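*Asks:* can't give you the sequence, but here's the structure:
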């Protein structure tokens, strides 16, 4: 069993800093394949390691990855409180993750850590508007009068105080007049970074075209860690609308990056990106359309046919029916056959 502060990127550092670029490239491919974009976060946390050699290797490894990929690379350590909610809800202070389950068992054994997770997630979701106590209770407990609300809010305050000090807790969590607010000025979040980057990408495309916007769309893809607040109890149904919205923007970004790759003749990269997204969402029609085009350009007829049939089956589509004839994947497939 690994210790709580174990960083799985550390064993890769000697390979990522190896003088042979082939070794670097293979290590980079394996690390990114194993951990996805989260690998960059793991490496960045190494920058704050108490071991000087690990810090030095992490700096060099990140520089090598910057040369090997188009991923956005940061070579300065994490600072401040950071909350991830795209995928699992995770809390970090500087470079260290604070595991809610372990912290609650150690400090407040009488409070269920999933209730604390639910309160933190809902307050994060409500943003700068905050929420009433009653709405919080309904969202987390399913009841407008939960007996443990006060104790859970106090536990959250204790948690925030442990991250910095009591003054930080008072600044971060405001409870007054039957209202709760998790102050957005007290933390940074992956959702905010994703939304800001996506907005900048769409503005850049509108004013400067897709070629100028493609790197920003690619950065938005790197920031998207998965469905919003998906690990909260019962899937946090109150988050479904925003979850769908964020996923939709992610798919738009993916489609724009795919078009830029295809237009630039990077057919293999386009196919790899679209195939990865298709595996996670078989209804991503625009992305699948670019995948078919990429396979066509690469001469991969078998994969093209398999992907098309898989898409029809997954979405219960009849390509000769009225719905199918207006589907972008069906029309793209017909167009490609027409060219042949």
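*Replies:* That came in fine, so what should we check first? This one's a predicted model, so the numbers in the text were calculated from it and none came from an experiment.
*Asks:* spatially, what comes nearest to residue 8 if we skip its sequence neighbours?
*Replies:* Nearest non-adjacent residue to residue 8, counting by CB to CB, 6 or more residues apart in numbering: residue 42, 6.4 Å away. The C-beta positions use only the backbone N, C-alpha and C, and glycine is treated the same way.
*Asks:* go through the lowest-mean-pLDDT helix or strand in the chain and flag the buried ones.
*Replies:* Lowest on mean pLDDT, DSSP states H and E among the helices and strands of the chain sits helix 322-325, with a mean of 77. Buried residues in helix 322-325, counting neighbours by 16 or more other CB atoms under 10 Å, are found at residue 324.
*Asks:* and stretch 63-70, by the same measure?
*Replies:* Buried-residue list, stretch 63-70, by 16+ other CB under 10 Å: 64, 65, 68.
*Asks:* kindly report the same for stretch 279-288.
*Replies:* Buried positions in stretch 279-288, judged by neighbour count with 16+ other CB under 10 Å: 281, 284, 285, 286, 287, 288.
*Asks:* so residue 152 versus residue 286, what's the distance?
*Replies:* Residue 152 sits 42 Å away from residue 286, going by CB to CB, to the nearest Å.
*Asks:* mind putting the buried residues of stretch 63-70 in JSON lines, distance to residue 322 and pLDDT included?
*Replies:* Converted to JSON lines, the buried residues of stretch 63-70 look like this (distance: CB to CB, whole Å; pLDDT from 0 to 100):
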{"residue": "64", "distance to residue 322": "53", "pLDDT": "92"}
{"residue": "65", "distance to residue 322": "49", "pLDDT": "91"}
{"residue": "68", "distance to residue 322": "48", "pLDDT": "88"}
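*Asks:* of these, which is the nearest to residue 307?
*Replies:* Checking the buried residues of stretch 63-70 against residue 307 by CB to CB gives residue 68 as the nearest, at 28.2 Å.
*Asks:* how far off centre is the helix or strand residue 174 falls within?
*Replies:* Using DSSP states H and E, the element containing residue 174 is strand 173-176. Strand 173-176 sits 29 Å away from the centroid of its parent chain (CA atoms, centre = their mean, to the nearest Å).
*Asks:* strand partners (parallel or antiparallel) of that strand?
*Replies:* Strand 173-176 sits in its sheet next to strand 179-182 (antiparallel), going by DSSP bridges.
*Asks:* tell me the helix or strand right after the partner strand.
*Replies:* Taking DSSP H and E, what comes next after strand 179-182 is strand 188-189.
*Asks:* count the residues that sit near the residue nearest to residue 8.
*Replies:* 16 (other CB atoms under 10 Å).
*Asks:* need phi/psi at it.
*Replies:* With angles defined as degrees, to the nearest 10, residue 42 sits at phi -60, psi -40.
*Asks:* surely it meets residue 11?
*Replies:* No. If you go by CB atoms under 8 Å, residue 42 and residue 11 don't touch, sitting 10.9 Å apart.
*Asks:* excluding its backbone neighbours, what's nearest residue 149?
*Replies:* Of all residues beyond its chain neighbours, the one nearest residue 149 is residue 137 (5.5 Å), with distances taken as CB to CB, 6+ apart.
*Asks:* that neighbour: neighbouring residues, count only.
*Replies:* By the criterion of other CB under 10 Å, residue 137 has 21 neighbours.
*Asks:* same thing with the one 3 residues further on?
*Replies:* If you count neighbours by other CB under 10 Å, residue 140 ends up with 26.
*Asks:* any idea of the pLDDT on residue 92?
*Replies:* Looking at residue 92, its pLDDT reads 89.
*Asks:* for the longest helix belonging to the chain, which positions count as buried?
*Replies:* Longest helix in the chain by number of residues (criterion: DSSP state H): helix 240-263. Residues of helix 240-263 classed as buried by neighbour count (16+ other CB under 10 Å): 243, 246-247, 249-262.
*Asks:* so how far is residue 73 from the residue nearest in space to the middle of the chain?
*Replies:* For the chain, residue 225 is the residue whose C-alpha lies nearest the centre (CA atoms, centre = their mean; 1.4 Å). Remark: distance between residue 225 and residue 73 (CB to CB) = 17 Å.
*Asks:* give me phi/psi at residue 230?
*Replies:* Per degrees, to the nearest 10, the backbone of residue 230 is at phi -80, psi -20.
*Asks:* OK, contacts around it?
*Replies:* The neighbourhood of residue 230, defined by CB atoms under 8 Å, 6 or more residues apart in numbering, consists of 87, 88, 236, 243.
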